[in-house]
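**Q** Sequence first, then the predicted structure, then my questions.
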Amino acid sequence: MKCLRCRTSASASRRRCAPTPIWCWSVTARSWATPTLGSRAAYAWAAETSIYLRQDCRRGGLGTRLYHALEDASRAQHVQVLYACIAAPTGADDPHLSRASIDFHTRLGYAVAGTFHRCGYKFGTWYDVVWMEKRLSDDAVPPAVVPYSAQVL
């Protein structure tokens, strides 16, 4: 398996891409959580999540299980909030994109934080980008972030 961010082996990725978990399943799914707002220390408690499932592996609960695992790993690192950046059709679903990911995240407890209208263009069509967020904790003073490389899997 190779890391999707740095394209190295999973063991090398754990060292190179720390502090965030990146899990790759090359056949069925890919999932990861990465720093959302850059490398500034003030934003160390936020992470962006992504899961991509092969088309024929959807609707079987795998995405939910992967997201729960990402959330558990993020909590263990003291991440306070998770974000998802989702491309969305500007109106009705089209052959390339639907609102299924937004619905999926809503079922998992994510809420819309904002929408960038008609900011993405592909397949000859303009798309919105929807940012969703899920708070994992409301600590007044968050504990120090635990780098993924320090966790024992």
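**A** Sure thing, it's come through.

**Q** show me what contacts residue 86?
**A** Contact partners of residue 86, counting by C-beta atoms under 8 Å, 6 or more residues apart in numbering, are 101, 102, 105, 129, 130, 131, 132. Quick note: C-beta positions are derived from backbone N, CA and C, even for glycine.

**Q** Quick one, which of these are buried?
**A** Buried positions within those, assessed by neighbour count (16 or more other C-beta atoms under 10 Å), are 101, 102, 105, 130, 131, 132.

**Q** Now intersect those with the strands, please.
**A** Judged by DSSP state E, the subset of those located in strands is 130, 131, 132.

**Q** Closest one to residue 68 out of the buried ones among the contacts of residue 86, please.
**A** residue 105 (13.0 Å; C-beta to C-beta).

**Q** Please report the distance of that closest one from residue 85.
**A** For residue 105, the distance to residue 85 (C-beta to C-beta, to the nearest Å) stands at 11 Å.

**Q** How about residue 120?
**A** 10 Å.

**Q** Please, where are all the strands along the protein?
**A** Using DSSP E, the strands of the chain run over 22-25, 29-35, 46-53, 81-89, 111-122, 125-135.

**Q** pLDDT on the top helix by length along the chain, on average?
**A** Selection of the longest helix in the chain by residue count, based on DSSP state H, yields helix 62-76. For helix 62-76, the per-residue pLDDT values average out at 86.

**Q** packing partners for that helix?
**A** strand 22-25, strand 29-35, strand 46-53, strand 81-89 (3 or more C-beta pairs under 8 Å, 6 or more residues apart in numbering; DSSP states H and E).

**Q** 10 Å - rerun?
**A** In this structure, helix 62-76 packs against strand 22-25, strand 29-35, strand 46-53, strand 81-89, helix 100-107, strand 125-135, with contacts taken as 3 or more C-beta pairs under 10 Å, 6 or more residues apart in numbering; DSSP states H and E.

**Q** tell me the angle of the longest one relative to helix 62-76?
**A** Counting by axes from the mean of the first three to the mean of the last three C-alpha atoms, to 10 degrees, strand 125-135 lies at 50 degrees to helix 62-76.

**Q** any idea how far residue 42 is from residue 110?
**A** As judged by C-beta to C-beta, residue 110 and residue 42 stand 22 Å apart.

**Q** Wait, residue 71 touches residue 135, no?
**A** No - applying C-beta atoms under 10 Å, one finds residue 71 not in contact with residue 135, separated by 11.1 Å.
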